[in-house]
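Engineer: I need the structure of the sequence given here:
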Amino acid sequence: MIRRIILSLVALIISNAHISLPAAARQVKPASPAEAAWVEKTLASMTLDEKVGQLIIPATIGMFLSQDSDTFKQIRRDITEFHVGGYHMLGEVNTIHEPAGVALLINHLQEIAKIPLMITADFEGGVGLRYLGATRLPRAMAIGATGNPEMAFQAGRICAEEARAMGVNVNFYPVVDVNNNASNPIINIRSFGGDPELVARMARAYIRGAQSAGVMATAKHFPGHGDTSTDSHLELPSIDVDRARLNSIELPPFRAAVEEGVGGVMSAHIALPRIETEGLPATLSPKMLTGVLRGELGFQGVVFTDALGMRGIAAHYPDGEAAVRAVKAGADVLLYPPSVEQAFLAVKRAVQSREIQESRIDESVRRILLAKARLGLDKNRFADLNKLDQLLGTSEHQRIAREIIESGVTLVRDKRGVVPLKLTDEQKVLFISLVDNTEGWRDGVPGRAFLAGLVSRHARTTDVHVSDRTSPAEFALIKKLAALSDVVIVNGFIRVAAYKGSIDLSEGQVNLLRHLSTLEKPFVFVLYGSPYVIAFVPELPTYALTYEYYPAAEEAALKAVLGEIEFKGKLPVELPGFYKIGDSVVRTKAASSTR
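Structural biologist: Next comes the predicted model:
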């Protein structure tokens, strides 16, 4: 009788239109009998030390390492003594490494580990952002500018195929933050855009593409890092919004990702003073990770912290304390703690003292092991080095990557109707590469690809380079060169990078752009990276965006500027005070218009 009453109540609750179970709870695929059996058998065999270790993922630079090196010896210690559950492959600012070396390293790490390792990476620009010969893909905002979810799906698929070929099985992507703050120095072009619906649609497609190819996608940075003007690598940002705003802007893309079955969610090191009233950052907040993410959104996958060494956390909480607080908040994986040993010992002591119940550790270990089983790591944890040159950077992958970046190039403004440029043999062209600073260009010398293509088409081209180090005398000379030229083309490069802290140009660079804007001659400005420069130089007569900075983006922009391909992209973000989401200038062979 009691059982019948309970069943009747459950049926009544579900049938009420105004009450529903979380969408993700209805859609998460249950573990197969084989997966469940492996998880339970493995968990039952584990010591407390091994369980605690599964929650920790340290990091190393993904590159060839001698097994006799100090770095490799430390990795071996992390795996054998602290039983870490995975390893994160970092990239270097100025270096792109050879992929076979990192695949060999990953295989050796998997050989050492008793339980298969999660191997994670940030492949936000495709595997080619980090490794030679692999496919470089556009970041999210360029994909968002295409307006086409199929482009996002293909980006996810290609990235996953190449990542898995190297032994990487978790990609910390896509960024599902809604970039609705033009001053955001760290999310910016990493976001699909400023419209929650657009971000959700593109995120769903990327997740499908990635997970269909055998890599866990990770939606980040929960509950939303888009409306900040502070880099959490440098300090703890604060988003001063109420719950209604969070529900309408920040959370919808995460809800969509969860409904799509995303395997992982990464927390954000951000404060939400009007929501998390105890002052805890989201990474350490039970209210956000357990209450909202697990409870309200129904997420059942793996919760990763963002890197615990970032100053948004590390400057406010000692290493061991941050690790314990994150686990108590609901995190499953402690990513890149400053000290693996301190994080391990702190969590272990918390369990031994019953500050954290061992059953709570078991919950996370089950999720981690199930994720590993679903990735097939229980059956094969190794990369096939003999197939790397068959799977990375294939002609099909490169073709699709070019199609994506070409489809996102956006003409926002063309007041004088000079685009596409029709250059005659007699015209003198001045080409200016303008970069935010001279340090840390991973993808080659900025402007070189555009210049090479331009010179091959138009020999009478003079080029100059402008940076934050350009002197007043050099600026004066450039202005004289511009006066003697018939056409001026400027490529502006504004990067978004961790620990950079800003997305501004120098006063001299801004003044140069303003001067060029007054000239009575064709002047085309193409911007690579952050799309918000127009706020600093509203006089610009033309404004074309690629939302990226690498050679293929330059080649796509050159083709569009010269009329070899159409400008197909639409603004995925608002340019406050100037243009709204969806705006663009249409240039076809038949007509020109603004929409």
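Engineer: residue 344 and residue 56, how far apart?
Structural biologist: 6 Å (CB to CB, to the nearest Å). In short, each C-beta sits where N, CA and C put it, glycine included.
Engineer: overlap in contacts, those two.
Structural biologist: When contacts are counted by CB atoms under 8 Å, 6 or more residues apart in numbering, residue 344 and residue 56 are jointly contacted by residue 82.
Engineer: show me what contacts residue 274?
Structural biologist: Going by CB under 8 Å, 6+ apart, residue 274 touches 240-243.
Engineer: wait, residue 492 sits on residue 524?
Structural biologist: No. In terms of CB atoms under 8 Å, residue 492 does not count as a neighbour of residue 524; the distance is 11.1 Å.
Engineer: for the contacts of residue 274, which PyMOL command selects only the ones that are buried?
Structural biologist: The PyMOL command for the buried members of the contacts of residue 274 (criterion: 16 or more other CB atoms under 10 Å) is given here:
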select buried, resi 241
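Engineer: secondary structure, distance to residue 425 and pLDDT for the contacts of residue 274 - can I get that in JSON lines?
Structural biologist: Listed next are these as JSON lines, based on DSSP: H, G, I helix; E, B strand; the rest coil; distance: CB to CB, whole Å; pLDDT from 0 to 100:
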{"residue": "240", "secondary structure": "coil", "distance to residue 425": "58", "pLDDT": "86"}
{"residue": "241", "secondary structure": "coil", "distance to residue 425": "57", "pLDDT": "87"}
{"residue": "242", "secondary structure": "coil", "distance to residue 425": "62", "pLDDT": "92"}
{"residue": "243", "secondary structure": "helix", "distance to residue 425": "63", "pLDDT": "94"}
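Engineer: now residue 352: closest residue in space, sequence neighbours ignored.
Structural biologist: Excluding its sequence neighbours, the residue lying closest to residue 352 (CB to CB, 6 or more residues apart in numbering) is residue 48, at 7.9 Å.
Engineer: report pLDDT for that neighbour.
Structural biologist: Reading off the confidence values, residue 48 has pLDDT 98.
Engineer: tell me which residues touch it, please.
Structural biologist: By CB under 8 Å, 6+ apart, the contact set of residue 48 is 348, 351-352, 358, 361.
Engineer: hang on, the earlier thing: give me the common contacts of residue 492 and residue 524.
Structural biologist: Counting by CB under 8 Å, 6+ apart, residue 492 and residue 524 have no contacts in common.
Engineer: what about residue 412, which helix or strand?
Structural biologist: Taking DSSP states H and E as the criterion, residue 412 maps to strand 410-414.
Engineer: now for the helix or strand just after that strand, which elements pack on it?
Structural biologist: Past strand 410-414, further along toward the C-terminus, the next helix or strand under DSSP H and E is strand 429-435. Judged by 3 or more CB pairs under 8 Å, 6 or more residues apart in numbering; DSSP states H and E, the packing partners of strand 429-435 are helix 448-457, strand 461-466, helix 472-484, strand 487-494, helix 507-518.
Engineer: what is the last one packed up against?
Structural biologist: With contacts defined as 3+ CB pairs under 8 Å, 6+ apart, the secondary structure elements packing on helix 507-518 are strand 429-435, helix 472-484, strand 487-494, strand 523-529.
Engineer: can you list these in JSON lines and add distance to residue 565?
Structural biologist: As requested, these are exported to JSON lines (distance: least, CB to CB, whole Å):
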{"stretch": "strand 429-435", "distance to residue 565": "19"}
{"stretch": "helix 472-484", "distance to residue 565": "27"}
{"stretch": "strand 487-494", "distance to residue 565": "17"}
{"stretch": "strand 523-529", "distance to residue 565": "14"}
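Engineer: ok, which of these comes nearest residue 262?
Structural biologist: strand 523-529 (27.0 Å; CB to CB).
Engineer: report the inter-axis angle for that closest one versus strand 410-414.
Structural biologist: Strand 523-529 and strand 410-414 are oriented at 150 degrees to each other (axes from the mean of the first three to the mean of the last three CA atoms, to 10 degrees).
Engineer: tell me the contacts of the residue positioned nearest the centre of the chain?
Structural biologist: Taking CA atoms, centre = their mean as the criterion, residue 124 is the residue nearest the geometric centre of the chain, at 4.2 Å. Taking CB under 8 Å, 6+ apart, we find residue 124 in contact with 139-140, 172-173, 175, 190.
Engineer: which residues touch stretch 69-79?
Structural biologist: 56, 58, 60, 65-66, 84, 87, 108-109, 112-113, 117, 340.
Engineer: how does it look with 10 Å?
Structural biologist: 53, 56-61, 63, 65-67, 84-87, 105, 108-115, 117, 340-341, 344 (CB atoms under 10 Å, 6 or more residues apart in numbering).
Engineer: among these, which lie within strands?
Structural biologist: Counting by DSSP state E, the part of the contacts of stretch 69-79 found in strands is 56-57, 59-61, 86-87.
Engineer: can you say which of these are buried?
Structural biologist: By 16+ other CB under 10 Å, the ones in strands among the contacts of stretch 69-79 give 56-57, 59-60, 86-87 as buried.
Engineer: now residue 209. Nearest residue, chain neighbours left out?
Structural biologist: Nearest to residue 209 is residue 156, by CB to CB, 6+ apart, at 2.9 Å.
Engineer: verify the stated contact: that neighbour with residue 214.
Structural biologist: No. In this structure residue 156 lies outside contact range of residue 214 using CB atoms under 10 Å: 11.4 Å.
Engineer: between the two, who's got more neighbours?
Structural biologist: Taking other CB atoms under 10 Å, residue 156 and residue 214 do not tie; residue 156 has more neighbours (28 against 15).
Engineer: from residue 511, how far out is the more buried one?
Structural biologist: 42 Å.
Engineer: swap in residue 109?
Structural biologist: Residue 109 is 52 Å from residue 511, by CB to CB.
Engineer: and those two? Which one has more around it.
Structural biologist: Between residue 109 and residue 511, residue 109 has the larger neighbour count (other CB under 10 Å), namely 24 against 15.
Engineer: name all residues that make contact with that one.
Structural biologist: Counted by CB under 10 Å, 6+ apart, residue 109 has contacts 60, 65, 72, 75-76, 78-79, 84, 86-87, 89, 117, 119, 167, 381.
Engineer: filter these to the buried ones?
Structural biologist: 60, 65, 72, 75, 78-79, 84, 86-87, 89, 117, 119, 167, 381.
Engineer: low pLDDT regions in the stretch 351-500 of the chain?
Structural biologist: The model of the stretch 351-500 of the chain has pLDDT under 70 over residues 438-444, 496-500.
Engineer: who touches the strand holding residue 412?
Structural biologist: Contacting residues not belonging to strand 410-414 are listed as 142, 145-146, 419-420, 524-527, 531, 534, 538, 540-547, 560-561, 566-572, 575, 578-579, 583-587, 592, 594 [CB under 10 Å, 6+ apart].
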